Structure formats: structure tokens, C-alpha cells
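Colleague: can't give you the sequence, but here's the structure:
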């Protein structure tokens, strides 16, 4: 492992054009292979968890599963609705939709209680998740009806239309994110290197890594299905780590170039950088991969998709840093050497001196008063974490989507006009065919109980499979799926009505599914897996740090510091997104809750990414100690010399993550915000304040039980005492 970065860099430095050409061929092959095999998307079955998932599976067995439904609304543009005109429009809708191969059936028109809106329900063929791919022809026919009836307002909504709208919005959001991120990243790198050529190298490598990772992720989706979030996470993580890894390598090569004073050629300088930063990149990359792999333990298709995208793009980014980056550094270095006589270094020396003074000032509290700095910094993070006591996790469902999507605006009008269509629970019972009459009687009794309960509305609908084994009772609730009343109706069905009726039938299997049940069961499933994932994550982080530095103490410190930064970031997330004060500032509508996937994703990604900084900073300190420098001086010099590059890397990461705050999807906004906050806390409070304070207070004990470090520090300690 130690020799791999050096050997790879040596070959790349000696054969730069082969390495560059090989990398470009690799990227093209990855994309070509991905396009050839396509993406295997997750199916409805992949999302099933808990009782809701079990009930869905039973309903599907009897071919009674929920079908994708579109609703076409007909209303007056102003004033009252013309009954004859609206009925004519409804007949036009039915006639057009019935002819489409995507349509299974069209229900008769229903008029709202106010008489102002008419709705026609259109049931589509095929699985619920696939309907968004085939809803285009239905929307085209709705537009045609609108054109034929200009005096009326004819609109379409439904899960397929909304999903299609969300997908289109996600695409435009990603384009906006890239528009923001790429220029800011380039400007940051320009400030770091003072050279457009050197600033372009990390960006191009990151983008090429993202391209290769997208192709490979398509291939990987045939093993672990893609839940539709793969592209998002590849761009999010790929740009962050791709630039970071390249930045660490580039900065070290420039340091070695300045230290050599022109005595070493570009090939030798690249090899020196590979022996230090190259190894740090490999360790950091493996840490991200191993920590992210713990997401597979959640047994959830979305987390598995997130994990696959992250692992693929990180491995590709590491590969680019080890292979093509040394070749690019040699070519740019040779160019710099040819122009050395015409270049002046004075401005750079002034800038470095100024930079050193800035970081010396920032580190002065930790160097002069480590105990006080440690206490204050920890208290600040604990204060930021305080809002966690109010954390409320929910599944971000359809009701949380942006109202900029036209189908969502129509969805709101549908809910207002037809409250009985807002939520439907499916009560599913599977029993032997000879108990079909008993099951029907029990479900009819359950239906009578719901009709007498104000939490429910409308007349229940009972369906039974052809083989008489599976029965489904649909009951409606006049409240939104994310409302407290809808939650109470689910609890009453599961805890009271179902056990008292169909639940008493010997040998019968029962369950309740639907949007509310899914939203309740998913967080419960996730919370059940949370201890396993977090426990594995802590163990993996601890083990990776011990392997990297041979120090149990540093491993424990790393785990605690990661927990502190994650808790502080989550506290900020609760403060900003559960309250309403930041709605206008960040352009979102507060749901009074946090997406159920956000905390676990933060913990896993942050623990992996923070290893970038931990490995880079502590490697510099360890390197100095092994060279005989006293631990105190090594800590101050190591953190001081790496502070600028760590901060630059943090700025790039924060820019990438913060750009996701401008997205419309609320859960992605929350993920972007919390990751940006966590990186800021990690870079400025953890690495500049807490880490040096702890290491200065512990001294040589930081390296326990490493024998090599004890041997390295003992001579230095003796020399200090003699002096």
C-alpha cells in the first residue's frame, strides 16, 4: 500500500503522454460501457419496508396493488362552472384517454361538493414507478382538450405527472448548481495557485472523474439498483473529493519544488509528493469508501444507491490522483521550468508570508491557551447541537414538493376541491380461500366503523382477488398525508379496527399500506437500522485511523471530533429548517421537520470526508515527529503549514454542498446545507482550534501505543532537556 502511490506516480511521470491518453480512454470507455448497458432503476418492490411493504406485497400477489392514477380537473376560469360545458369536456377527456395504450381505464366524472370543479380519474397500466415515463401522451391529450374547450380550465395531476415534474426540476436544479459551483471553485483555486493553468487541473480531473463514475454507476446499478439519486450524489461528492485530492497533491508538489530550489526535476518532485500526499489520498479515499459502505447495512434501496454512487466516484477520484495527475504535474512542471527565467517569485513569497501570519493568528489561542481553547470550542459545538432535542424526522413525501411544479399546483386544487381523495388507506388481508366470506364480513364491519369515525370519510371500497385469497379494503381520509389527523387514522386502523375485525380470523395475515403507512414505516425501519449503521461507522472510523497512524488515542479523538461536528451541523439544520424564520432567505417552505434520510447520510459522508482533513493534517505532524521534531513544534508547524490547503479544500467543498441549498427538493436542500455546515465546522473549529489544543495537551501521549513514534520522540525530548 505504501509503495503503490510512488510506483504509480513514477511510471506516470516517466510516461506522461501515455498516462494522459490512458486516462482519457478510461473515461470514454466507462461512459460508453455505461450507455451500452443502461441504468437498472429500482422497482416498486425495492422500496417496500415494514408493514406497509408487506401489505403491498400481499396486494400485489392478488393483483390488487395500487395502480398509477392521473386526475384531470375541469373548472371555470371565473365564476360558476357551466355544467353542460364541463360534462362535454369530461366526455372529451374520457374518449381521448380510452384510446391510449398506456391507459387501463377511465372512471366517470365526479363533481366537487362546491360544484365548482369536476374530476376525471384515469388509471394507467404498469407499475406505479414506471408511470412517469409514460404519462407524456396523457398530458398531451389533456392539453388537446384544453385547446378544444378554451372557456374552461383543464389541468392534469397525479403521482406520474408530479414525478415527471420533480425529475425535470431536478435536472434544471443540477444545471443551476453546476453554474454556481464551477466558477466559484475555479476562482478559489486561482486564489490558491495564482495560475489559471494550475487552477484548471483539479477542476478538469474532478469533472473527468465524475464522467467516468457516471458510466461505472450505470454498470453498478445492475447489481445495486439506482433509486434516482445516483447522479446527484456523484456530482455532489465527486466535485468535492476530486478537487480535494488533487489539491492536496498539487500543494505538496509545489512545496517540494520550492524546497528544492530548482535542484530537482519535475519527475523527482512528483515522486516525493506521491510518497506523502499520494499515500494520504489513498488512505482518505479508502476511509470514505469503507465508511460509506456502512450505508448498505440500512437495507434500504435509496441508501444503497447513495452508497454506490459515492463509492464509485471516490474510487475513480483516487485513481485519477494516482495515475493521470502525476503526468499532468510533470508536463506543467516542465513548462514552468522552461519559463523560470522570465517568472518572478516575489509576489508569491509576500502572499505566503501574509498567509502564515493569518494562520499564526488564528492558531494563537490553541498554542498559548490550549485548555481554555478546547473548553470554549467544545462548548460552542455543544451549543450549536442543542436544537437537536427538538429534532423531528419524517419521510419527505409528495406534499413537500415544490409548488413551482405545475402538477403540484393542480394537486393542491384537487385536494381543496375533493378532500375525500387526499389520502387512501389500503387494508390488506390474506387468508385461505375457504375463509373469503369471513374475511369479507370482517372488512365490511371495519368499513362500518370507519364510516362512524370523523377521521375517515366516504364509502369504503372492497376488492377481492380472483382466487379469493387476498382482499383489499380502501378507506379514505379527508386530511393531507403529512397531517397529524392522517397519522391518527393510521394508528386507529392498525391498533384498533383491524385487530378487532379481520385480525381475529385464524391464520389470516393483515396489514395496512398507503402513502401515510409508507411515510410512517420508513422512518421506523430506518431508526431500527440506525444503531447498527452508526455502530459500524464508529468502528470503521476508529479502525481506519488506527491503521493510518498506529495510534489508539488519535483514533478515539477522531471519532469524538466527528461526532461533535456532526451534532453541531445537525443542530444548525434543525434551527434553520424546522423553524420558519429562514424560509424567505433560503427559498423553502418549512415542513417543521427534517428528512428522515438526512442525519444518517450526514454521519456517513462526514465521517468519510473528515478523514481527508484528519489524514492530511496528522500525516504532516507525524512526518515531522518521525524526523525528530518535538511533538509540540510538529503540531503547530504541521497544522500551520496545512491550514491554507485544508481551508481551500473546505471552501471548495462548502461551495459544492451549499449550491444544493438552491435546489427546490427540500431534502436535497437540507443535505446540502448540513454538509456545508459540517465541513465549515470541521475545517475551522475542529482542525484549527480543537485538534491542536488536544494534541498539545496530550503531547507524546497522542501517539500511544505506537512504538515507532515513541522511539522518534524520545531523542527529541532528550535534546530539548539538554539544551
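Modeller: Arrived safely, thanks for sending. Just so we're clear, the structure is a prediction, and the values are computed from it rather than from any experiment.
Colleague: quick one: contacts for residue 398?
Modeller: Going by Cβ atoms under 8 Å, 6 or more residues apart in numbering, residue 398 touches 159, 162, 411, 481, 515. Quick note: C-beta positions are derived from backbone N, CA and C, even for glycine.
Colleague: list phi and psi for it.
Modeller: For residue 398, the backbone dihedrals (degrees, to the nearest 10) come out as phi -60, psi -40.
Colleague: next up, the contacts around residue 251.
Modeller: 192, 277, 644-645.
Colleague: and it, what element?
Modeller: If you go by DSSP states H and E, residue 251 is part of helix 230-260.
Colleague: elements contacting the next helix or strand after that helix?
Modeller: Next along the chain after helix 230-260, taking DSSP H and E as the criterion, comes helix 266-273. With contacts defined as 3 or more Cβ pairs under 8 Å, 6 or more residues apart in numbering; DSSP states H and E, helix 266-273 has these neighbours: helix 3-14, helix 230-260, helix 324-338.
Colleague: please identify the most buried of the ones you listed.
Modeller: helix 230-260 (a mean of 24; mean count of other Cβ atoms under 10 Å).
Colleague: poorly predicted segments of the protein, please.
Modeller: Scanning the chain for pLDDT under 70 picks out 1-2, 262, 336-356, 359, 707-723.
Colleague: show me how the record splits it into domains.
Modeller: Segmentation of the chain into domains, based on automatic domain parsing, reads 1-37+195-337, 69-125+135-164, 411-520.
Colleague: among the contacts of residue 251, which one has the most neighbours?
Modeller: residue 277 (29 neighbours; other Cβ atoms under 10 Å).
Colleague: OK, contacts around it?
Modeller: Counting by Cβ under 8 Å, 6+ apart, residue 277 has contacts 248-249, 251-253, 616.
Colleague: how about CSV for those residues, with distance to residue 672 added?
Modeller: Listed next are the contacts of residue 277 as CSV, based on distance: Cβ to Cβ, whole Å:
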residue, distance to residue 672
248, 23
249, 26
251, 26
252, 30
253, 32
616, 24
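Colleague: sorry, back to before: of all the contacts of residue 398, which comes closest to residue 295?
Modeller: residue 515 (25.0 Å; Cβ to Cβ).
Colleague: out of the helices and strands packed on helix 266-273, nearest to residue 103?
Modeller: Smallest distance to residue 103 across the helices and strands packed on helix 266-273 (Cβ to Cβ): 30.5 Å, for helix 230-260.
Colleague: ok and that closest one relative to helix 266-273, angle-wise?
Modeller: Following axes from the mean of the first three to the mean of the last three Cα atoms, to 10 degrees, one obtains 110 degrees for the angle between helix 230-260 and helix 266-273.
Colleague: between helix 3-14 and helix 230-260, find me the angle.
Modeller: Orientation check (the same axes, to 10 degrees): helix 230-260 against helix 3-14 gives 80 degrees.
Colleague: so helix 230-260 versus helix 324-338, what angle?
Modeller: For helix 230-260 against helix 324-338, the angle between stretch directions is 40 degrees (the same axes, to 10 degrees).
Colleague: so which of the helices and strands packed on helix 266-273 is nearest residue 700?
Modeller: For those, proximity to residue 700 was assessed by Cβ to Cβ; helix 230-260 is nearest, at 25.9 Å.
Colleague: you'd agree residue 453 is in a strand?
Modeller: No: remark: residue 453 does not belong to a strand; assigned using DSSP: H, G, I helix; E, B strand; the rest coil, it is coil.
Colleague: could you measure from the nearest residue to it once chain neighbours are set aside over to residue 481?
Modeller: Excluding its sequence neighbours, the residue lying closest to residue 453 (Cβ to Cβ, 6 or more residues apart in numbering) is residue 492, at 7.0 Å. Counting by Cβ to Cβ, to the nearest Å, the gap from residue 492 to residue 481 is 16 Å.
Colleague: of those two, which one has the most company?
Modeller: Neighbours per residue (other Cβ under 10 Å) separate residue 492 from residue 481, with residue 481 holding more: 23 against 17.
Colleague: surely the more buried one is within a strand?
Modeller: No: counting by three-state DSSP, residue 481 falls outside a strand, being coil.
Colleague: surely it meets residue 397?
Modeller: Yes: Residue 481 is within contact range of residue 397, at 5.8 Å (criterion: Cβ atoms under 8 Å).
Colleague: overlap in contacts, the two.
Modeller: In contact with both residue 481 and residue 397: 515, 519, using Cβ under 8 Å, 6+ apart.
Colleague: quick one: the strands in the protein?
Modeller: Assigned by DSSP state E, the chain shows strands spanning 69-76, 103-106, 110-111, 117-124, 152-158, 393-394, 423-430, 457-464, 470-477, 509-513, 594-595.
Colleague: pull out the buried residues from the fourth one.
Modeller: It refers to strand 117-124. Within strand 117-124, the residues scored as buried using 16 or more other Cβ atoms under 10 Å are 117-124.
Colleague: all set, thanks.
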